[in-house]
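In: need a 3D model of the following:
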Amino acid sequence: MKVPPAIVFSLAREFLGLTQQDVEVHSRISRSSIQRIEQGRHRLLDTVIRLQEFYEGRGIVFLQPVDGRGWGLVNNNLITLEVQLDKHPSADGRNS
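Out: Predicted coordinates for the structure are as follows:
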C-alpha cells in the first residue's frame, strides 16, 4: 500500500469541509497526529492508514500515481451533483 503525500491528506479533509478538530472528534486520532500527518512529519504508518481509512469511509477516493502523474482525490459525495464547471463564476466574479 502506497501512502499519499501530506498535502493529499489536507485536501481530503478540506474536500469534506472538516477542521482538524472535527477529524479528531470523529476519527479518535489526536489533532497533533493529524497535524503531523498533514505536514509530512508523522512516523507511525498505522495512524496514517487509519486517517486514510477515515476519509475513505466518508467518500474520499485516493488515486495513486499512474504513468508519471501524481496523486489525486475524488470526493464521491459530489459525484451525483450536476455541476458544470464552465458555469461557475470566475475568480473576478464574471462568468466564463
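
In: and the residue nearest the centre of the chain, how far from P65?
Out: Nearest to the mean C-alpha position of the chain, counting by C-alpha atoms, centre = their mean, stands A12 at 0.9 Å. Separation of A12 from P65 (C-beta to C-beta, to the nearest Å): 16 Å. The C-beta positions use only the backbone N, C-alpha and C, and glycine is treated the same way.

In: thinking again about what came up before, pretty sure the residue nearest to the centre of the chain contacts I60?
Out: Yes: using C-beta atoms under 8 Å, A12 is in contact with I60, at 4.7 Å.

In: identify the contacts common to the two.
Out: Counting by C-beta atoms under 8 Å, 6 or more residues apart in numbering, the shared contacts of A12 and I60 are L73.

In: can you point out the buried residues in the helix or strand where L11 lies?
Out: Taking DSSP states H and E as the criterion, L11 maps to helix 6-15. Neighbour-count burial for helix 6-15 flags A6, V8, F9, S10, L11, A12, R13, F15 (criterion: 16 or more other C-beta atoms under 10 Å).

In: ok, the residue nearest to S30 when sequence neighbours are not counted - contacts?
Out: Nearest non-adjacent residue to S30, counting by C-beta to C-beta, 6 or more residues apart in numbering: E24, 6.3 Å away. For E24, the contact set (C-beta under 8 Å, 6+ apart) comprises S30, R31, I34.
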